[in-house]
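In: here is a sequence with its predicted model. Questions after.
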Amino acid sequence: MTALDQLFVKVRAENRAALIAYIPAGFPSQAGCAKVIQTFIDAGVDAIEIGFPYSDPVMDGPTIQAAAVTSLENGTGAAEVMSALKVATDGGVAAVVMTYWNPIERYGVEEFAEAIAANGGSGVVTPDLTIEESVAWLGATKQNSINPIYVIAPSTSDARMPKVTAACGGFVYAASLMGVTGARNSVSSGAADLVARIRTTTGLPVAVGLGVSTREQAKGVAAYADGVIVGSAFIKALQDAPNEEAGLAAVKELATELAKGVREGR
């Protein structure tokens, strides 16, 4: 059982959702990323998703794309991603890496899974990996006892959904709408319906991403989901700040509010 599995046992016992915070490795800087991770932990975030910056992030909106560019300019590669992951896991929180498939393939499928496990990671979110192309990856994740986490979109058919959820571990990532990541004024009204559809195929926790940026939105999603994933709102807080200290203060304030939100949902 990974730290992520243990986390969802804990929050279910507490009758609440988990707050999962996303930050790209190497953003706003290598040292700054470590400070953001510690800020997340101090503010009550339950799990952390470390982004592997990539030059063609098809699922990511402009906010995360800009952060990825900064991260890549800061020299972020696989070693820095694993280092950020270790900062999170050494801090005592469950942590995963979110990456497109190309970096895994370049690193080596078996080697990537081994590195995640060696740095205390619970699993990997792979937004562009299809089930049909997952044989080697699923073998590597099983061998290293880490969670393979797939993304379910609103367009996923009823026939296909159980095939995807059956391969998932840790949680199922429910993309609340068709489109790219980004903070929004409201979370898609279809998110609750998507979670309900997913629950007909699996007993795994379901976490909702794409769009959450406020305490009230977190509270609303936490009413029906097991996890609330927030990324763009944190990155925007850092991007809009005049300096690193102010950015970290903004991240702490937002994370504290969101942590309250997920505890108010039920």
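Out: Received the coordinates, thanks. In this text the structure is predicted, and so the values were computed from the model without any measurement.
In: in what helix or strand does the residue most central in space within the chain lie?
Out: Nearest to the mean C-alpha position of the chain, counting by C-alpha atoms, centre = their mean, stands residue 49 at 3.9 Å. Per DSSP states H and E: residue 49 is located in strand 47-51.
In: helix or strand for the closest residue to the residue nearest to the centre of the chain other than its chain neighbours, which one?
Out: Distances taken as C-beta to C-beta, 6 or more residues apart in numbering place residue 22 nearest to residue 49, at 4.3 Å, with adjacent residues excluded. For the C-beta atoms, the positions are set from N, CA and C on the backbone; glycine is no exception. Residue 22 is part of strand 18-24 when elements are defined by DSSP H and E.
In: check which helices and strands that strand is in contact with.
Out: Applying 3 or more C-beta pairs under 8 Å, 6 or more residues apart in numbering; DSSP states H and E, one finds that strand 18-24 makes contact with helix 3-13, helix 30-43, strand 47-51, helix 62-73, strand 206-209, strand 227-230, helix 232-240, helix 244-263.
In: which of these has the lowest mean pLDDT?
Out: Across the helices and strands packed on strand 18-24, helix 62-73 has the smallest mean pLDDT, namely a mean of 88.
In: if we can go back for a sec, name every strand pairing with the strand holding residue 22 and say which way it goes.
Out: With DSSP bridges as the test, strand 18-24 is paired with strand 47-51 (parallel), strand 227-230 (parallel).
In: of these, which is nearest residue 14?
Out: Among those, strand 227-230 comes nearest to residue 14, with 13.1 Å by C-beta to C-beta.
In: rewinding a little: now for the strands paired with strand 18-24, which one comes closest to residue 221?
Out: Counting by C-beta to C-beta, residue 221 lies closest to strand 227-230 out of the strands paired with strand 18-24; the figure is 4.9 Å.
In: buried residues in that closest one?
Out: 227, 228, 229, 230 (16 or more other C-beta atoms under 10 Å).
In: can you check stretch 133-152 too?
Out: Within stretch 133-152, the residues that count as buried by 16+ other C-beta under 10 Å are 134, 137, 140, 141, 144, 146, 147, 148, 149, 150, 151, 152.
In: identify the farthest-apart pair in the residues you listed.
Out: Most distant of those, by C-beta to C-beta, are 144 and 152, 23.5 Å apart.
In: show me what the lowest-mean-pLDDT helix or strand in the chain is packed up against.
Out: The helix or strand of the chain with the poorest confidence is helix 62-73; it has a mean of 88 (mean pLDDT, DSSP states H and E). In this structure, helix 62-73 makes packing contacts with strand 18-24, strand 47-51, helix 232-240, judged by 3+ C-beta pairs under 8 Å, 6+ apart.
In: what's the following helix or strand after it?
Out: Next in sequence after helix 62-73, counting helices and strands by DSSP H and E, comes helix 78-90.
In: can you tell me what sits against the helix or strand just after that next one?
Out: Where DSSP H and E defines the elements, the next helix or strand beyond helix 78-90 is strand 94-98. If you take C-beta atoms under 8 Å, 6 or more residues apart in numbering as the criterion, strand 94-98 is touched by 2-4, 6-7, 22, 46-52, 81, 85, 88-89, 116, 120-127, 147, 149, 170.
In: any stretches of the stretch 51-200 of the chain with poor pLDDT?
Out: Scanning the stretch 51-200 of the chain for pLDDT under 70 picks out the ranges 57-61, 177-189.
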